[in-house]
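Enquirer: this is a predicted model, with the sequence first.
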Amino acid sequence: MNPQEPPTEEIHQAEGGLVAELERMTPQERAAHDREVAAAAATDREIAVGVGDTLLELRDLTMRFGGLTALDSVSFSIQRGEILGLIGPNGAGKTTCFNAMTGVFRPTSGDVLLEGRSIARSHRHQITRLGIARTFQNIRLFGEMTALENVMVGTDARHKTSVPGAVFRFPRHYAEERAGVEKSMALLEFVGIADRAAEKARNLPYGYQRRLEIARALATEPKLLCLDEPAAGFNPAEKDDLVALIRKIREDGYTVLVIEHDMRVVMGVTDRIVVLEFGRKIAEDEPEAIREDPAVVAAYLGVPDDGSA
C-alpha cells in the first residue's frame, strides 16, 4: 500500500463508526465478532515444535564490548506457548540479550537456537522471517504513516511478490495487498485501536503508540514475540490493560518474552522468570519462587553492610 494512496474502505469503516457498531452488538454478537477478530489476528506460521516444547534456546551466550562483558555465558530456554519474563536491575544485560537474539548484535560466543536451528549469525531481516519479532524501549514507528500503514509494513515480511510484480501490480500483488489490509485491520482491532486506523502514528496517544508497535510486530506472524519494557510510561490502569493484552496474545497462539522493570506487571503476567545481574543469570523459576529468592532480593534491594541490620 502506497502511503500516498487514499484510505481503503476498511479505514473508512473504522473511522466511520466501528466503535458505535460494536456498542450496538448484543453480548452474543460481540463474542462472535471477537472470535472472528482473534482468528484473523492469529498466526498462520507453521511451528516445528509442540506446545510446551523448547521453541528458543540460549546456550552460553556471551557478549563482550571491548573489555566489558555485557552477557556472561547466559543459558535459558523458552517453551512454546508460555510467557517468559526477563528481569534484572539496570545494566543487567536484558536489552543486550534481546539484541543478540534478534540480530542487532552478533554474540561473541555461544549460540541462539530457534526450533533447534542456530540463528546467532543471521541478519535481522532473516531472523524476522524465521519467526522472531520485537518491540523497543523507545517506540519506533513511522510517524507520518497512518496506524494501518504502520501495521502493513509488518505484513510485508510475509509477502512473496517480486519487485517487478509490485511495480507492474500483478494479481499476486493485489491479492497480498488486500490480505495485508484485512490482516492489519484485524490486528488493530485485536490490540484495541482500530478506531484510529486512519490517524498518523505521531498523533496517537502514547499508550496507543505502544499498542500499535505490538500490532506491527504481530503482523510479521512471529513464533516468538519479544516485548522490551512495554509498560514504560504507563499509569496503573494502562498497565492492567497491557497485562490483559499480553494474556490475550498468548491465548491467540503466540509465545511471548517480556523485559519489564515493573514487578507487578511481571508477576501478574508471566509463567516463568529469568533474572540477570551484571550479565549473569542468577535465577530462573516461577514468579512466586523468584519473589522470595534471596539472590533476586539482594540484586534489587542490595545486601546490608555488616552490622547495619
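Expert: Yes, it's here.
Enquirer: could you use CA atoms for every contact and neighbour count after this?
Expert: Fine.
Enquirer: and residue 61, what element?
Expert: Residue 61 belongs to strand 54-65 when elements are defined using DSSP states H and E.
Enquirer: what do you get for residue 217?
Expert: helix 206-219.
Enquirer: tell me what that helix is packed against?
Expert: Using 3 or more CA pairs under 8 Å, 6 or more residues apart in numbering; DSSP states H and E, the elements in contact with helix 206-219 are strand 132-134, helix 147-155, helix 171-190, strand 224-228.
Enquirer: just to revisit the earlier point, and the strand holding residue 61 with strand 224-228, angle?
Expert: 40 degrees (axes from the mean of the first three to the mean of the last three CA atoms, to 10 degrees).
Enquirer: just the mean pLDDT for strand 54-65, thanks.
Expert: Per-residue pLDDT values across strand 54-65 average out to 97.
Enquirer: count of neighbours near the closest residue in space to residue 120 that isn't next to it in sequence?
Expert: The shortest distance from residue 120 to any non-neighbouring residue, by CA to CA, 6 or more residues apart in numbering, is to residue 112 (5.1 Å). Neighbours of residue 112 under the rule other CA atoms under 10 Å: 25.
Enquirer: how about residue 236?
Expert: Neighbour count for residue 236, taken as other CA under 10 Å: 12.
Enquirer: confidence score at it?
Expert: In this prediction, residue 236 carries a pLDDT score of 92.
Enquirer: quick one, what contacts it?
Expert: By CA atoms under 8 Å, 6 or more residues apart in numbering, the contact set of residue 236 is empty.
Enquirer: does residue 52 sit in a helix, a strand or a coil?
Expert: Three-state assignment for residue 52 (DSSP: H, G, I helix; E, B strand; the rest coil): coil.
Enquirer: tell me, how many residues neighbour it?
Expert: Neighbours of residue 52 under the rule other CA under 10 Å: 11.
Enquirer: gap between it and residue 78?
Expert: Separation of residue 52 from residue 78 (CA to CA, to the nearest Å) stands at 9 Å.
Enquirer: now do the domain split for the protein, please.
Expert: 8-41+143-204, 51-131+221-304 (automatic domain parsing).
Enquirer: lowest average confidence across those domains, which one?
Expert: Among the domains of the chain, domain 8-41+143-204 scores lowest, at a mean of 73.
Enquirer: hmm, back to that, mean confidence for the helix holding residue 217?
Expert: The average pLDDT within helix 206-219 is 94.
Enquirer: picking up where we left off before, check which element follows the host helix or strand of the residue nearest to residue 120 along the chain.
Expert: Residue 112 belongs to strand 109-114 when elements are defined using DSSP H and E. Remark: after strand 109-114, the chain's next helix or strand is strand 117-118, criterion DSSP H and E.
Enquirer: in its sheet, what does that next one sit against?
Expert: Its sheet considered, strand 117-118 pairs with strand 109-114 (antiparallel) by DSSP bridges.
Enquirer: show residues contacting the partner strand.
Expert: Strand 109-114 has contacts (CA under 8 Å, 6+ apart) with 55-63, 73, 101, 118-120.
Enquirer: top of those residues by number of neighbours, please.
Expert: Counting neighbours by other CA under 10 Å, residue 101 comes out on top of these with 28 neighbours.
Enquirer: residues touching it, list them.
Expert: By CA under 8 Å, 6+ apart, the residues touching residue 101 are 112, 119, 120.
Enquirer: need the contact list for residue 178.
Expert: Residues near residue 178 by CA under 8 Å, 6+ apart: none.
Enquirer: all set now, cheers.
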